[in-house]
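Q: Take this sequence and fold it.
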Amino acid sequence: VQLVESGGGSVQAGGSLRLSCEASAYAYKMAWFRRVSGKDREGVAVITPAAIDTHYADSVLGRFTITRPNGQNTIYLQMNNMKPEDTAMYYCAAGWGPTGDTWQDPSQYKYWGQGTQVTVS
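A: Take a look at the predicted model:
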């Protein structure tokens, strides 16, 4: 499964961006992670088909929304009221198995995109 992200860029604090990730094939769970240089990857949000199961990091809850229209192989991350601390490289990830309490563990995802940079100033 190949993942291609798009939609990154620069935005002022309080603004919005929407990231997209297109998968070349079906994967049960798809997620967004982000990484700031020198720090570990942070799970931002995860979604399963038909949005039966979604989870968000506390730091983005209420500001970010992950969607997967019609259970397709494309997911979106709508980011609103953005803050400078949201600045990071954002990665799309996909994998199998349940989400549950381990959804933010990068080892739970087999496939990764190349990343797209998001900068909030």
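Q: From here on, just use CA atoms for contacts and neighbour counts.
A: Will do.
Q: For the residue nearest in space to the middle of the chain, which non-adjacent residue is spatially closest?
A: The centre of the chain sits closest to Trp32, judged by Cα atoms, centre = their mean, with a distance of 1.7 Å. Nearest non-adjacent residue to Trp32, counting by Cα to Cα, 6 or more residues apart in numbering: Cys92, 4.7 Å away.
Q: Secondary structure element holding the one you found?
A: For Cys92, the host element (DSSP states H and E) is strand 88-95.
Q: quick one on the thing from earlier: quick one, what contacts the residue nearest to the centre of the chain?
A: Residues near Trp32 by Cα atoms under 8 Å, 6 or more residues apart in numbering: Gly43, Val44, Ala45, Val46, Leu77, Tyr90, Tyr91, Cys92, Ala93.
Q: ok, residues contacting the helix or strand hosting the first one?
A: Taking DSSP H and E as the criterion, the element that holds Gly43 is strand 42-47. Applying Cα under 8 Å, 6+ apart, the contact partners of strand 42-47 are 29-35, 53-57, 60, 66-68, 99, 103-106.
Q: again with stretch 114-121
A: 3-13, 82-92.
Q: And the helices in the chain?
A: Counting by DSSP state H, the chain forms no helices at all.
Q: Kindly provide the distance from the residue nearest to the centre of the chain to Met89.
A: Noted for Trp32: a distance of 10 Å to Met89, by Cα to Cα, to the nearest Å.
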